[in-house]
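[1] Here's a sequence, model it:
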Amino acid sequence: MTRVRGGIDALLAYVRPAFMFPAVGMSAYGGALAPAPAFEWPIAALHAGTVGLALFVAHLRDGYVDGHLREEETPRLSVAAFRRSIWAGSAGVVALSGLLAALSGIVPALSTVALLALALLHAPYLDRHPVTVTVDYPVGIGIALIGGHAAQATVPATAAAVAALFVGLLAGIKVGIDRLDEPFDRSIGKRTLPVAFGPERADRIAAGLFLLTAAGTVGVGLSGTAGFLPVTPAPAVGAAFVPAACLLATARLAPERAVRVQMALTYAFAALLFLSACDSGCAGIAVVEGSLDVLGQGGLDALARAIGG
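    Numbering: from 1, shown residues only. Okay, here's the model as predicted:
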């Protein structure tokens, strides 16, 4: 019994919420941008859960490669246990993707299969090249958003544009994160952008990514003004301050503090883009309004009980 409990604890050590929650959250975010009449909670939960399982497979794969192949860390599981867990998790993602295909269509199913492919290829392949190690997680976030929307409705150009903007912003932030790890990555031969080009040039690349993202965000807002995209222009243009502020943080702040500021700013970016892309008929607004109605009625009932004694 103790051995079984130890194995479960070791397996759960690879459940890493800091990496899982953003991807799962972006699946829900994409679903919330869908029209309210098309939104189904079970489908949203199915897609988000499959995304989370794909991320779990990625963490297991990283643990296996870093622990047993590269010997960069102490592995929590044996080689056999890692392999069984990775195969079981992968089979689970494929099975759930098949269910998504049957219930929602091929696009949401392909999104989770694509995430599984990224999970299995990240280590020891994608994390060895400066470009792929920078963009694979941001691309995964974009795929999760598009898949979450596709699980509910046809993906419009607006959702694809929002996903692309997130990829650009997060890729810039990823360069800063890799700069923090540059000495260690260099020691193990991991060719991130700061290792391959040096910290200063990597900062310039990050600045370029932030600048492109800011320009793209303004472009989305202007497209709304011109009637090319069904977005509210003001929040989209306002969201451009986030990549601009991230660029300023890269230039002015110490690397660790810059990354913290940039990560915090992503929430403002998400909120402003949501307000821009989500009209009064989208699922996210309907959920918020319904929650406020329930809370409001609950508050009135509680007040009535208090007054009644």
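[2] CA only for contacts and neighbour counts going forward, please
    OK.
[3] by contact count, what packs against the lengthiest helix in the chain?
    Longest helix of the chain, by residue count under DSSP state H: helix 199-226. Counting contacts by 3 or more Cα pairs under 8 Å, 6 or more residues apart in numbering; DSSP states H and E, helix 199-226 packs against helix 157-180, helix 193-197, helix 233-239, helix 241-252.
[4] Let's verify residue 231: helix, strand, or coil?
    Under DSSP: H, G, I helix; E, B strand; the rest coil, the three-state class of residue 231 is coil.
[5] Give me the distance between it and residue 279.
    8 Å (Cα to Cα, to the nearest Å).
[6] Unless I'm misreading it, residue 23 sits right up against residue 52, doesn't it?
    Yes. Applying Cα atoms under 8 Å, one finds residue 23 in contact with residue 52, separated by 7.3 Å.
[7] one step back: mind putting the helices and strands packed on helix 199-226 in a markdown table, distance to residue 69 included?
    A markdown table is the format used below for the helices and strands packed on helix 199-226 (distance: least, Cα to Cα, whole Å):
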| stretch | distance to residue 69 |
| --- | --- |
| helix 157-180 | 22 |
| helix 193-197 | 21 |
| helix 233-239 | 43 |
| helix 241-252 | 34 |
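[8] thinking again about what came up before, neighbour count: residue 231 and residue 279, which is higher?
    Ranked by neighbour count (other Cα atoms under 10 Å), residue 231 and residue 279 place residue 231 first, with 23 against 18.
[9] burial count for residue 140?
    24.
[10] pLDDT of the helix or strand hosting it, averaged?
    If you go by DSSP states H and E, residue 140 is part of helix 130-150. For helix 130-150, mean pLDDT rounds to 97.
[11] do stretch 55-71 as well
    Stretch 55-71 comes out with an average pLDDT of 92.
[12] And for stretch 213-226?
    Mean pLDDT, stretch 213-226: 97.
[13] Quickly list the domain ranges of this structure.
    As given by automatic domain parsing, the domain ranges for the chain are 1-155, 158-278, 279-309.
[14] Among the ones you listed, show the one with the smallest mean pLDDT.
    domain 279-309 (a mean of 62).
[15] close enough to count as contact, residue 53 and residue 93?
    Yes. Counting by Cα under 8 Å, residue 53 touches residue 93, with 6.5 Å between them.
[16] The residue nearest to residue 214 when sequence neighbours are not counted: neighbour count?
    The shortest distance from residue 214 to any non-neighbouring residue, by Cα to Cα, 6 or more residues apart in numbering, is to residue 240 (4.7 Å). When neighbours are defined as other Cα under 10 Å, residue 240 has 25 of them.
[17] switch to numbering from 194
    Taking 194 as the first residue, the last one we looked at is residue 433.
[18] any idea how far residue 446 is from residue 433?
    Residue 433 is 20 Å from residue 446, by Cα to Cα.
[19] Likewise for residue 278?
    42 Å.
[20] who's more crowded, those two?
    residue 278 (18 against 12).
[21] Double-check that the more buried one belongs to a strand.
    No. Counting by three-state DSSP, one finds residue 278 to be helix, located in no strand.
[22] I'd like the helices and strands packed on helix 392-419 written out as a markdown table, with mean neighbour count added.
    What follows is the helices and strands packed on helix 392-419, written out as a markdown table (neighbours: other Cα atoms under 10 Å):
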| stretch | mean neighbour count |
| --- | --- |
| helix 350-373 | 23 |
| helix 386-390 | 20 |
| helix 426-432 | 22 |
| helix 434-445 | 20 |
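[23] between those, which one is nearest to residue 311?
    helix 350-373 (14.8 Å; Cα to Cα).
[24] so how far is that closest one off the chain centroid?
    9 Å (Cα atoms, centre = their mean, to the nearest Å).
[25] Backbone torsions only: list them for residue 475.
    phi -90, psi 160 (degrees, to the nearest 10).
[26] Go ahead and confirm it touches residue 224.
    No. Using Cα under 8 Å, residue 475 is not in contact with residue 224; the gap is 9.3 Å.
[27] Might you report the residue contacts of the nearest residue to residue 335 once chain neighbours are set aside?
    The spatially closest residue to residue 335, leaving aside those adjacent along the chain, is residue 356, at 4.6 Å (Cα to Cα, 6+ apart). Residue 356 is in contact with 334-336, 338-339, counting by Cα atoms under 8 Å, 6 or more residues apart in numbering.
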